[in-house]
Structures are given as C-alpha cells and as structure tokens.
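1. Need coordinates for the following:
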Amino acid sequence: MSRIRTQLFICSLISILLPVSVSFAARTYDVSYSWGRRQQNAKVYADKVKQVLGPTIAKQIKVVNRRGRYGVIYDRNGSYAEALQEAADHAKLLHQAGVTKKKGHEAAHPIPDQDYSGRPRTTPSKPKITPQRPKQQRPNPLQFDISVDSNLEADIDRYIKGLRFRGVLASTDRTSFVVYDITKQKKVVSINENQTMMAASLIKNFIMLAYFHEVKNKRLEHTNENRLKLRQMIQRSANTSTNDFIRLLGGPSGVERILKWNYPFFENTRIVEYIPPSGRTYRNTTSARDLNKFYNQLWLGNLPYSNKMKYYLGLPNGDRMHDKTCIPSNVRVYHKTGTVYGLVGDSGILAIIDSQGKQRAYVFTGLIEDRTKTSNRNRSEAFWSWVGRRSDTLRRVSEAVYEYIYEVHYGGSFNCRRHAGQHLKR
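-> Have a look, this model is predicted:
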C-alpha cells in the first residue's frame, strides 16, 4: 500500500509540473530595456538604443504597447538563455554609452515574447521551427538614423553635387557628414555616416581614449612625459608621439583590443598599423558615425578623463570648421583634423553662445575621401592644392551648419554672408 501511495504521489507531481515545463520550454523571449506611460519618451529612448547597438540590431528594436504602458524591446524571439546573455551585453553597452545610469538587469533583461495585449505567445510544438515573421523593410545602412530633424541635409547634398558638376570635387570623391546637437540630443544631418573611411590623423582620438582608459584602470601612469607627447599628438598631430602611444598600449592590436572590449559601439574604427615615416597611413579606418559618438560621449563626460581629453582637443591649431569662416570668434572648438593624400577630414565640438547668452554644443564631422589618390599615378595635382579645395568645402558646410543651429534650434538671427562667409552659395 505504501508503494502504491508513493507511485500515485509521483504521478500527481509529474502531472502538475509537466505543463509548466512544456510551457516554459515552448515560450520565446525578447530583451526589454524600458517601460513607461508616455509613448514619445519610449520612442526617444528607442532611438538612443538603436544608435548604441548598431544597424543590425536596430532593425528589431521596437516600441510596443502593453496594457497602456509603452516599452522598448529587442524583438528577438529566442531562447531564455540567449536573451539573458544578450541582455547582459546590451546593458553594458548602454551604460558605457551614457544612455542609462542603470546597470545589469535593471538596464536590460529578458521578457517573455508577448502580443503586448497581455497574452503570452508560444511557439507550436509541431513543427519545432519557430515561425518566421514577415520581414520588415530594411533601412538604408548609410542613412541609418531616422531622427534627422532638418532640411539642411538636402542643402548640403545639393551643394556637394554642384561642386562635383563644376569639377571642384572629383567623381571619385566620397563625402560623409554628421551634425548632432548635443544640447538637444538631436541629429541634424546624416549623410553616409556609416561609411568606413581612411582615418588618417583622426585615429589619434581613439588612441588617446585607449590611453586614458588604461590610466583610469591604473595600468598606465599619466606622467609629465606622456602629457607632453599627448599635446604633440593632438595639437601638432605628431606621428612619432602617436607611435610611442601605440607601442605603450601593446601595438596596433593592443589598442584595437582595448577599444573592442570596452567601447564596441565604435563599429567602424580599426587600428591595424603604426603611422609610417612618410605619414601616408591608409589602413586605419573610422567613420563619421564613430567620430560623432566619440565627441557626444566626450562632452557628456561619459569617457574616461573626458575633461583632460577636451583640454588637448581644445588647444589652438588649424581647423576646417571654424578658422577662415564667418562663425563668430567666441565659439570654442574641440576637434582633430585628418589629412593624407586621399582623405581630408575634421571632426569636433563647437561650443556656441545662443541669443540668450547660454552655451550650447553640437558635433560637426565632415570627411572627404578619394581612395584612388592612394596611388601616386593618380595624383595630377599638388598635395596642398588638393587638400585646400576640400578644406574650403568643409568650411562652407560648417558655416551653413552654424547658421542653422543658431537660428533654427536657438532662435537667433545670423546671416553668414553678411559676415564675409560664402555659405553654400556656388
């Protein structure tokens, strides 16, 4: 009798637990980032998540409604273990990028896949393959960010096409522009921002970041010698000092490892070579998108020793976004240029004073690349002449950007052409 009772108890226990286990196994999971009562807040947060996690994952980042609450989720439809691991990775990225102050599961966690009206969705037991959802229209990878809020982008595009028509720029010149209002956290211009380009001296921003990351973690010391070399690397763009820092960090692969492990949101930045004695560095790469992220996070104080990096980037030197333009002299610039026969670029922060006397800041990045010029046989023009025309192009675009930001975003009145600027006029 005792054995029978034991068997009955085990059977009853199995009958109770089995449906729960089957239901748990059949359920799929998404990753949840944020929930609240306001749809607009969720949309803004979703845009920030997309920027950090990149275009591939961004395709499945959604704002959903569940019983009157709006959530930001990664609609991945995977197993619990996969969602748990992905949530941990995303939480780290979002925290490092300054999108959230929360860490771990508070920033991102698995959530059962729902129809978001309260009823959980499960995969059918037969067949065992998870049904595929209809494919959404793919966004253009070169125009990933959908939050652009201006007509300035079309004006710049028209201006560049006009320069090509007149022969000022060649048909082989590729251009990339990003303008980002840090104060308003709004992207104003996004032209080919994900396009990987030669970095030239723009790579020195990321070498400095890797150095200060090691200093913060007490693996390197910020000595007087290093202070001097940093100044030479950023202000004077000294290649010898740059190579000294690359060696200090374990060579190109060492710098690459620091950035990849700790700042993976710089998706197009690669450091694979020292700066050659000739200065003709073509293999290190970056993008306008990565540079925009660097300066945005720098201004917000989310990078290690942000204030120290701002100091070096703010030292006076020649630039292509403020010097020789109509932009007022009281505008502060924190930037780094990049120049090699094949790439002319400038990227940085312009800290302006609006009509009410308040400081505002925005990022301007402009890159012009012609990969055919990496070969001597394609160089029919003197180096400084070739650089000069492209530098002037960046200055004219920068003037238009300042006028737009000052007037449209902050209610001022400023006519660049009245201040000796050419603006975007042909």
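2. going forward, measure contacts and count neighbours with C-alpha atoms only.
-> OK.
3. Next one: the closest residue to I353 other than its chain neighbours from G279, what distance?
-> In space, and not counting its chain neighbours, I353 is closest to Q359: 4.6 Å by Cα to Cα, 6 or more residues apart in numbering. Separation of Q359 from G279 (Cα to Cα, to the nearest Å) stands at 37 Å.
4. Who has more neighbours out of these two?
-> G279 (16 against 12; other Cα atoms under 10 Å).
5. measure that one to N239 for me?
-> With Cα to Cα as the criterion, G279 and N239 are 7 Å apart.
6. same check, this time on Y334
-> 20 Å.
7. Ok, E399 next?
-> Separation of E399 from N239 (Cα to Cα): 30 Å.
8. tell me which residues in whichever strand or helix holds V44 are buried?
-> Assigned by DSSP states H and E, V44 belongs to helix 39-53. Counting neighbours by 16 or more other Cα atoms under 10 Å, one finds that the buried residues in helix 39-53 are 39, 41-43, 45-53.
9. For the closest residue to E153 other than its chain neighbours, give me phi and psi.
-> In space, and not counting its chain neighbours, E153 is closest to V189: 5.1 Å by Cα to Cα, 6+ apart. Main-chain torsions, V189, degrees, to the nearest 10: phi -140, psi 140.
10. Surely V189 is in contact with S176?
-> No: using Cα atoms under 8 Å, V189 makes no contact with S176, being 10.0 Å away.
11. These two: which is more packed in?
-> V189 (27 against 23).
12. Next up, the contacts around the residue nearest in space to the middle of the chain.
-> For the chain, the residue nearest the mean C-alpha position is K293 (3.7 Å; Cα atoms, centre = their mean). Counting by Cα atoms under 8 Å, 6 or more residues apart in numbering, K293 makes contact with F266.
13. again, only this time at 7 Å
-> Contacts of K293 were listed using Cα atoms under 7 Å, 6 or more residues apart in numbering, and none were found.
14. Next, find the distance separating it from N239.
-> Taking Cα to Cα, one finds K293 at 24 Å from N239.
15. next one: Q40
-> Q40 sits 47 Å away from N239, going by Cα to Cα.
16. can you check I111 too?
-> 50 Å.
17. Between the two ends of stretch 366-380, what distance do you get?
-> 24 Å.
18. Sorry, slip of the keys, the one I care about is stretch 244-263.
-> Termini of stretch 244-263 sit 22 Å apart (Cα to Cα).
19. which sections of the protein are below the confidence cut-off?
-> The chain contains residues with pLDDT under 70 at 1-27, 115-150, 417-426.
20. can you do 80?
-> Along the chain, the parts satisfying pLDDT under 80 run over 1-27, 54-56, 66-68, 80-82, 84-85, 96, 103-106, 113-150, 416-426.
21. domain assignment for it?
-> 27-137, 141-419 (automatic domain parsing).
22. how distant is the longest one from the center of its chain?
-> Distance of domain 141-419 from the chain centroid (Cα atoms, centre = their mean, to the nearest Å) equals 12 Å.
23. hey, where'd the helices end up in this protein?
-> 2-26, 39-53, 55-58, 80-96, 152-166, 204-216, 224-235, 239-248, 251-262, 288-299, 306-313, 383-404 (DSSP state H).
24. CA atoms only for the fifth one - export them in CSV, please.
-> Yep, that's helix 152-166 we're talking about. This file holds the C-alpha atoms of helix 152-166, laid out as CSV (Å, rounded to 0.1, in the frame of the first residue of the first chain):
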residue,chain,number,x,y,z
LEU,A,152,19.9,71.2,-44.0
GLU,A,153,20.9,67.7,-45.1
ALA,A,154,19.3,68.2,-48.5
ASP,A,155,21.1,71.6,-48.8
ILE,A,156,24.5,70.0,-48.2
ASP,A,157,23.8,67.2,-50.6
ARG,A,158,22.8,69.8,-53.3
TYR,A,159,26.0,71.8,-52.6
ILE,A,160,28.3,68.7,-52.9
LYS,A,161,26.6,67.7,-56.2
GLY,A,162,27.2,71.2,-57.5
LEU,A,163,30.9,71.1,-56.6
ARG,A,164,31.2,67.8,-58.5
PHE,A,165,29.4,69.2,-61.5
ARG,A,166,31.8,72.2,-61.6
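25. do you know how far R390 is from M321?
-> Distance, R390 to M321, using Cα to Cα: 12 Å.
26. in stretch 78-95, what's buried?
-> Buried residues in stretch 78-95 (16+ other Cα under 10 Å): 78-80, 82-84, 86-88, 90-95.
27. ditto for stretch 370-381
-> Within stretch 370-381, judged by 16+ other Cα under 10 Å, the buried ones are 370-371, 373-374.
28. Can you lay out those as TSV showing distance to L228?
-> Shown next, in TSV, are the buried residues of stretch 370-381 (distance: Cα to Cα, whole Å):
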residue	distance to L228
D370	33
R371	33
K373	33
T374	32
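29. nearest to K260, of those?
-> R371 (25.7 Å; Cα to Cα).
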